[in-house]
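In: After the sequence you'll find the predicted model.
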Amino acid sequence: MKKAFKDKVMAVVRRIPNGRVLTYKEVARRAGNILAARAVGNILNKNYDPNIPCHRVVRSDGSLGGYNRGAQRKKELLKKEGAVRA
DNA sequence: CATTTGACGCCAA
DNA sequence: TTTGGCGCCAAAT
């Protein structure tokens, strides 16, 4: 079945290089629907994959947002990678 | 198939 | 500037 959105979101997030973070809005935009920022978060939330650095996706405000493994973990990961909102 | 949920985003007060 | 409410979408139940 072609879950274009879910599949694309995963692909996009998987492509995020180390030290780089994208906003949910940006990911949604690359996934094909900029209005689906919410859906993006929902997808990552229910479908966490070790290949997908979902911790590199943050809110447009610059806030980290949430994380399945704990927001604290996400914060540490980003800090460790030195990620910045380019 | 209809309803609920949810890691969001933007605007108004 | 901060808080609250509304709008948007896709997936899960």
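Out: Ah, there it is.

In: can you confirm A:M10 is in a strand?
Out: No: under DSSP: H, G, I helix; E, B strand; the rest coil, A:M10 sits outside any strand and is assigned helix.

In: Isn't it up against A:P50?
Out: No: counting by CB atoms under 8 Å, A:M10 stays clear of A:P50, with 11.8 Å between them. Where C-beta positions appear, they are placed from N, C-alpha and C, glycine not excepted.

In: Quick check on those two: which one has the bigger neighbour count.
Out: A direct count of neighbours by other CB atoms under 10 Å for A:M10 and A:P50 places A:M10 higher, at 20 against 6.

In: Name the nearest residue to the more buried one, ignoring sequence neighbours.
Out: A:I52 (5.6 Å; CB to CB, 6 or more residues apart in numbering).

In: contacting residues for that neighbour?
Out: A:10, A:13-14, A:44 (CB atoms under 8 Å, 6 or more residues apart in numbering).

In: Quick check on A:N42: phi, psi?
Out: phi -60, psi -40 (degrees, to the nearest 10).

In: Can you show me the strands along chain A?
Out: A:22-23, A:57-58 (DSSP state E).

In: wait, which of those strands is closest to A:F5?
Out: strand A:57-58 (14.6 Å; CB to CB).

In: Where does the prediction get shaky in chain A?
Out: For chain A, residues meeting the criterion pLDDT under 70 lie at A:1, A:86.

In: Any idea which residue of it lies closest to DNA strand C?
Out: A:A39 (2.8 Å; CB to the nearest atom of the strand).

In: Isn't that residue up against A:A4?
Out: No: under the criterion of CB under 8 Å, A:A39 makes no contact with A:A4, lying 11.8 Å away.

In: Please say which of the two ends up with more neighbours.
Out: A:A39 (16 against 11).

In: Next one: the more buried one from A:G70, what distance?
Out: Separation of A:A39 from A:G70 (CB to CB, to the nearest Å): 22 Å.
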